[in-house]
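Undergrad: Dropping the sequence and predicted coords here.
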Amino acid sequence: MSKAEILSNIRHGLGRGSATAEQKKAAMKRIQAHKATIIPKRSQLDQAGQIKLFREMASGAAAELIDIHHLSQLPAAVSEWLKKHDFSTLVSASDECLNELDWAALGDIQREQRIAQSGDVASLTTSMAGIAETGTLMLYSRPESPTTLNFLPDCHLVLLKESDIVGSYEDAWNQLRRKHPDSMPRTVNMITGPSRSADIGQKLQMGAHGPCVLVIFVLKDV
Amino acid sequence: MQIKSPQFKENARIALKNVELQEALSQFKYGFPVNRANAIKRLPEFEELRDEARDLKNHIIQNLDIYLEQFESKVVENGGHVHWCRTGDDANQAILDICKQVNAKTVTKGKSMVSEEINLNDYLEKNGVQPIETDLGEYILQLRDDHPSHIIAPAIHLNVDDVSETFHEHHKRPKTGDPQALMKEAREVLRKQFVSADVGITGANFLVAETGSTIIVTNEGNGDLTQTLPKTHIVITSIEKVVPTLEDMSLFLRLLARSATGQEFTVYNTLSTGPKRDTDQDGPENFHVVLVDNGRSEMVGSEFQDMLRCIRCSSCMNHCPVYGAVGGHSYGWVYPGPMGSVLTPKMIGIDKAAHLPNASTSCGKCEEVCPVRIPLPKLMRHWREKEFEKHLTPKAVRFGIAGWAFFAKRPAIYRWLARSSAWFMSSIAGKKGRIKKLPLAGGWTDWRDMPAPQGKTFMDQWKAKQKAGE
Amino acid sequence: MAFATVKLLEAAGCTVEVPEKQTCCGQPAYNSGDKSTTADIARQTIEAFDGYEYVVGPSGSCIGMLHYYPDVFDEDDPWKARAENLKSRAFEITQFLTDIVDFDKINAAFEGTITYHDSCSGLRQLGVKEQPRKLLSKVANLTLNEMEEAETCCGFGGTFCVKYPDISNRMVSNKTQYISDSGASTLVGGDLGCLLNMAGKLKREGKTIEARHIVEILADMTDTPAIGEADYDLAKAL
């Protein structure tokens, strides 16, 4: 009932009846074209430029960046960071590229592969892309990478390959469509720095409800 | 919330005397507006993006029925449900029905102005479902039984001490003046609620027709926990938020954060598409989108259609000198500032909201900063026209205009009148040329002197000069 | 002020006439939502200015109102085209001098420091921002100290200041604070309404800052009393 009334009101306001087949076709065509509007020049750079821009923007959004030169260095780098902060547990995504690694470097740090729970201190996930334009990470939900890992723990550790850094949001959508041609994953997260709020006395504080810290391990594979 | 818009003048008077509020407001203008200006400096394409966004929104409105139905079919395709709600009551009922279906006792809520618009919290509470606001500002307000005074910074009217008092009372922990400690306290308390809630309700900034996705834009991450942890995710949103594609959404995202807080990008931009997939380890099993109309469909084709372009960034109120003087509560309903002064009369009736479109100097700052170029002063004037047509304009104003118009339409008498008032004002001004009390203009002379005209009118002097020159 | 405008226009080589048929631009009716009165006055004003090459006024808000005239008439109303025509000929004085006649022979001096208030209609509707500053830069001995928030509304707003005096007062108080913080001894602007509002508040606050319309300075006619400073024997003389 409501639906018919709402649509009828809209059509009345537009001075027409139901959209014609042609009007619908035009709209569908517009959707399927995925045409980008204006993409800021700042993100239209060569790969080296995009990597540099991503670093600047992500740091500007208060993310911590740690370089690794080979994927095999990730466990040691993660271990070092966790030990520095006195953390003894890590909850991790189970992507193949992470599973293949030798995690002996963690030592006493307990590493579990599961969804996150309240009280978890640190999580590790991969990321699909880094978007240079604003230093934004793009992650998406799948069996190996449950969304709670991105939000519940106090610290979110993310692996980003330099080769996955793109210029604009549009580049990232195209990449996502290539990976998921049929439909979107349940959740797509664009993450730019750690959680924050200025709701108390207009004073910006990090760590509202999401992670207080965002660490990006940048794999220099370019 | 209770409608207090008819008492705008009284609300404003109280707000102007509220020292703490004035302190907060004077601090506020050095926040968002300054950050916005800096963000724009870093993005040379900003003005072009605004044009593009205006045109795209206009295109969407022209095809609104098509995009909404496409959005719906995609949501359903992904295993979700869409509930079309003509009124706020319909929407409240739809949400309560879903809650009852899943036997919900508690509901966590991300920030949603549409839910404020329809009084959702009160409705749920009355019907045995406990809503818990999780946006930090909204949470503080809920504990205080207060309402947002700003659409993206809801607790802007409170200071650190206010929050400390409130938390002390409800959390039974020692008071602290440290905002970081207070935030940590709220984080700990709310974590339990996130995990145990039966239903999570969030708003949506945009709905993507291409994919059937809803997107929320937050800095805190509360919206993500709200929509990921409970078994049921309800999105409450309104019909004008649909966009065709992810690319189109990206255009608005580029404008939204910069116009709102002045950030390059908001921390979390999260798209939700249907319920969790069978193989996913977490995420909600049920996904519902409650599409609220509440007067919007009637704005299509009306003189207020441009208002449907609004993306709720708050830039208009952040820059409005009237909002900056009296704060959001003075407006007496959900949406404050210039955008509220256009929307509120539509939603609660111009008879109740008559003050809002009048309490503006038409300075044009709001239009200057609107990312989708809504001509807000013009729309406010349209409400004044409606009032005038409906004879809602106060008698004094109406008679004043009529009297003035009588003369303004008669040039000879008008000049005589100008001459007489110049004489009258000069005569009461005394030697100093300043009027301390002017009949019928107490509003002026209560606060400032009225500089008196300096002698003969220009018209008389000009004519005398022309004559002498002949 | 009006004579100063005439003096500037004549110096720029214009022949100035002041049609008797004009009264007010109709803004009070327009802003109060009285469409029919606005249209009546618009028609009268359009007729009054028929045949003139340009219509120039020392007020962004009045000229701005003339620019709204096309909105007052329906598409098929023959007055609409006439309103558009008037709009294309109507200019605020500093805009006219700078953008239309490229007048640069300012022959004026002003001893002192001024600060400039950008009035809303001129600034945001007509785009008057650099023009007054460019002209003022040619005035000998004049120093311009920009105030904070020069572009923020002073709280006048026509009937607004009478309908919502408390809010208007808050706004003008901010303004007078910024004006005095600028260190200027004279406040200059391009709209009498705003200047009256701010001058009135400055006086009430006991501040000694004078208020002047920009044309008075550009035309070197500052020997007259500033706004609200006249010795009012005139009342008796009339």
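TA: The structure has been received and is ready for your questions.
Undergrad: Run through chain B and note the low-pLDDT ranges.
TA: Counting by pLDDT under 70, chain B shows low-confidence ranges at B:422-434, B:437-442, B:452-455, B:469-470.
Undergrad: tell me the mean pLDDT for the longest strand anywhere in chain C?
TA: If you go by DSSP state E, chain C has its longest strand at strand C:109-117. Averaged across strand C:109-117, the pLDDT comes to 96.
Undergrad: who touches the helix or strand just after it?
TA: For strand C:109-117, the following helix or strand on the C-terminal side (DSSP states H and E) is helix C:120. For helix C:120, the surrounding residues in contact (C-beta atoms under 8 Å, 6 or more residues apart in numbering or on different chains) are B:361-365, C:60-61, C:153. Heads up, the C-betas are built off the backbone N, CA and C, glycines and all.
Undergrad: Of these, which is the most crowded?
TA: When neighbours are counted by other C-beta atoms under 10 Å in any protein chain shown, C:Gly60 leads the contacts of helix C:120 with 31 neighbours.
Undergrad: How is the residue of chain C most remote from its centre assigned, secondary-structure-wise?
TA: Among the C-alpha atoms of chain C, the one farthest from their average position, using C-alpha atoms, centre = their mean, is that of C:Asp76, at 32.5 Å. Classification of C:Asp76 using DSSP: H, G, I helix; E, B strand; the rest coil returns coil.
Undergrad: OK, contacts around it?
TA: C:Asp76 makes no contacts at all, as judged by C-beta under 8 Å, 6+ apart.
Undergrad: For it, report the pLDDT, please.
TA: Here, the pLDDT recorded for C:Asp76 equals 94.
Undergrad: quick one on the thing from earlier: as a markdown table, the contacts of helix C:120 with secondary structure would be great.
TA: Output for the contacts of helix C:120, formatted as a markdown table (three-state DSSP):
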| residue | secondary structure |
| --- | --- |
| B:Thr361 | coil |
| B:Ser362 | coil |
| B:Cys363 | coil |
| B:Gly364 | coil |
| B:Lys365 | helix |
| C:Gly60 | helix |
| C:Ser61 | helix |
| C:Cys153 | coil |
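Undergrad: To which secondary structure element type does C:Met198 belong?
TA: Put simply, C:Met198 is helix when judged by three-state DSSP.
Undergrad: can you tell if the host helix or strand of C:Glu10 touches chain B?
TA: Take DSSP H and E as the rule and C:Glu10 turns out to sit in helix C:2-11. Yes. Using C-beta under 8 Å from any C-beta of the partner chain, helix C:2-11 reaches chain B at C:2-3, C:6.
Undergrad: Within its sheet, name the partner strands of the longest strand of chain C and how each one runs.
TA: Strands that pair with strand C:109-117, judged by DSSP bridges, come out as strand C:140-144 (parallel), strand C:186-189 (parallel).
Undergrad: Show me what the shortest one is in contact with.
TA: Same thing as strand C:186-189. Outside strand C:186-189, the residues within contact range by C-beta under 8 Å, 6+ apart are C:110, C:112-119, C:132, C:136, C:179, C:195, C:198-199, C:202, C:209-214, C:217, C:226.
Undergrad: could you flag which of these are buried?
TA: The neighbour-count criterion (16 or more other C-beta atoms under 10 Å in any protein chain shown) marks C:110, C:114-119, C:132, C:136, C:179, C:195, C:198-199, C:202, C:209-214, C:217, C:226 among the contacts of strand C:186-189 as buried.
Undergrad: on that earlier part again, avg pLDDT for the helix holding C:Glu10?
TA: 92.
Undergrad: can you map out the helices along the chain?
TA: As the question left the chain open, I've gone with chain A. Ranges of helices within chain A are A:2-14, A:21-33, A:47-60, A:74-84, A:96-99, A:148-151, A:169-179, based on DSSP state H.
Undergrad: Not quite, go with chain C.
TA: Counting by DSSP H, the segments of chain C that form helices are C:2-11, C:27-31, C:35-48, C:60-72, C:78-89, C:93-95, C:120, C:130-136, C:160-163, C:165-181, C:192-204, C:214-218, C:234-237.
Undergrad: Run through chain C and note the low-pLDDT ranges.
TA: Where chain C drops to pLDDT under 70, the residues are C:230-238.
Undergrad: domains of it?
TA: C:2-98, C:109-218 (automatic domain parsing).
Undergrad: Just name the most buried of the ones you listed.
TA: domain C:109-218 (a mean of 21; mean count of other C-beta atoms under 10 Å in any protein chain shown).
Undergrad: what's near enough to touch the residue of the stretch 201-350 of chain B found nearest chain C?
TA: Among the residues of the stretch 201-350 of chain B, B:Ala325 lies closest to chain C, at 4.1 Å counting by C-beta to the nearest C-beta. B:Ala325 makes contact with B:12, B:15-16, B:25, C:167, C:170-171 under the criterion C-beta under 8 Å, 6+ apart.
Undergrad: If you drop the residues flanking it in sequence, what lies closest to it?
TA: Residue nearest to B:Ala325 in three dimensions, not counting chain neighbours: C:Arg170, with 4.1 Å by C-beta to C-beta, 6 or more residues apart in numbering or on different chains.
Undergrad: Make sure the one you found is actually in contact with C:Gly155.
TA: Yes. Counting by C-beta atoms under 8 Å, C:Gly155 is a contact partner of C:Arg170 at 7.2 Å.
Undergrad: on that earlier part again, relative orientation of the longest strand of chain C and helix C:192-204 in degrees?
TA: Angle of strand C:109-117 versus helix C:192-204, following axes from the mean of the first three to the mean of the last three C-alpha atoms, to 10 degrees, is 100 degrees.
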